[in-house]
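**Student:** coords please:
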Amino acid sequence: MPSFRSYLFRKGIKIGIKKLGNLKQMDIDERRRKMDALAMRFSKLPKNIEVEQTEIEGLYAEWITDNKAAANKVILYLHGGAYGYCSANTHRSLAARIMQEAGVRVLLPEYRLAPEQPYPAALEDALCIYRWLLRQGYEPGNIFFAGDSAGGGLSVAAALYLRDHEEPLPAAVICLSPWVDLTSGGESYTKNQNIDPYLNADGARATALAYAGGEKLDHPYISPVFADFIGFPPLFIQVGSIEILLSDAEQLAEKALKAGVQVDIKVWKGMWHVWQASGRLRESKQAIREIGKYVKGRDYK
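**Tutor:** Numbers count the residues shown, from 1 in each chain. Model (predicted):
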């Protein structure tokens, strides 16, 4: 059963979203700045975290680590934000907490955003960073793809591209509330519309079109639920029961399982979109511990 604190947190989210309604009147750059500032105000880094700023193939990125993290293993974390928002600023705290539980260094890049840079820009950037890691000497089996929301979908799309082009695959793909059906075709887009405190179907549709550009929304690298998953690496999924993206996660798991992929999926009762980022919640801490346990339990190569 969800904690009472999570109930209060959910109510607070609804109030906050209403107050942020005026963001729609701002230009997109100002919206991004406001979202970054808000995230930095309410999220704090755990103690003893080291953040190293860097640039990789022209992309800003951050190494997040501590003195206990394994040096030869890495989580490539792709942030969410509907492909048009968010940055290292919004996801640094979440990535750091995952790093601590997993005992693995995290690389958090900022990929190009839509609508200025629609598909395939984000996918190209994710692949670019992964190939750079390989050139630095990281073994594919020591690299995890991970991401939330759009970042989860991007992680899946990148692994699909690598599979299709016979490039080395990562050890596993870890998805937090993944956005993998940009057609908004799942039943949860309707069923959970009135209880999801964060997302709504109209907003999802608008940002999906902005990201897709001139491509069809059911393109498998845009909406991976339409892909073939034969030969895909192991897949770990967490999703909330009250979010509109519940169907995305469930359909992704179903298709992958039918293709013989090793899939671990858990639907968290009463949880909303990317609740893992709400660091003070019991459910957030539990979810991140499970991610860490999964990473530690994989057989490295």
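
**Student:** Could you list the low-pLDDT ranges of the stretch 151-300 of the chain?
**Tutor:** When the per-residue scores of the stretch 151-300 of the chain are filtered using pLDDT under 70, the ranges that remain are 299-300.

**Student:** all helices for the stretch 201-301 of the chain, in order.
**Tutor:** Here the stretch 201-301 of the chain has its helices, by DSSP state H, counting those that start in this stretch, at 201-212, 246-258, 282-297.

**Student:** Buried ones in the first one, by neighbour count?
**Tutor:** Okay, so that is helix 201-212. Residues of helix 201-212 classed as buried by neighbour count (16 or more other C-beta atoms under 10 Å): 204, 207-208, 210-212. The way it works is simple: take the backbone N, C-alpha and C, and place the C-beta from them, glycine included.

**Student:** from those residues, which single one is nearest Ala159?
**Tutor:** Taking C-beta to C-beta as the measure, Ala159 sits nearest to Tyr211 out of these, at 18.3 Å.

**Student:** any idea how far the closest one lies from His91?
**Tutor:** 18 Å (C-beta to C-beta, to the nearest Å).

**Student:** now do Glu57
**Tutor:** Counting by C-beta to C-beta, the gap from Glu57 to His91 is 20 Å.

**Student:** Between the helices of the stretch 201-301 of the chain, which one is closest to Gly152.
**Tutor:** The minimum distance between Gly152 and those falls on helix 246-258, with 8.5 Å, by C-beta to C-beta.

**Student:** Mind giving me the packing neighbours of the closest one?
**Tutor:** helix 188-191, strand 235-240, strand 263-268 (3 or more C-beta pairs under 8 Å, 6 or more residues apart in numbering; DSSP states H and E).

**Student:** hmm, back to that, Glu57 and His91 - which one has more neighbours?
**Tutor:** Neighbours per residue (other C-beta atoms under 10 Å) separate Glu57 from His91, with His91 holding more: 28 against 11.

**Student:** What residues does that one make contact with?
**Tutor:** Taking C-beta atoms under 8 Å, 6 or more residues apart in numbering as the definition of contact, the neighbours of His91 are 39, 77, 79-80, 108, 148, 151, 277.

**Student:** Can you tell me the SS state at it?
**Tutor:** When the structure is split into helix, strand and coil by DSSP: H, G, I helix; E, B strand; the rest coil, His91 lands in helix.

**Student:** And Tyr85, by the same measure?
**Tutor:** Assigned by three-state DSSP, the conformation of Tyr85 is coil.

**Student:** hang on, it packs against Lys34?
**Tutor:** No: here Tyr85 does not reach Lys34: they are 10.0 Å apart, not a contact under C-beta atoms under 8 Å.

**Student:** Tell me which of the helices of the stretch 201-301 of the chain lies nearest to Leu176.
**Tutor:** Taking the helices of the stretch 201-301 of the chain one by one with C-beta to C-beta, helix 282-297 is closest: 7.9 Å.

**Student:** on that earlier part again, from the buried residues of helix 201-212, which single one is nearest Ile242?
**Tutor:** Here the nearest of these to Ile242, counting by C-beta to C-beta, is Ala204; it sits at 15.1 Å.

**Student:** If anything else comes up later, I'll come back, but that's it for now.
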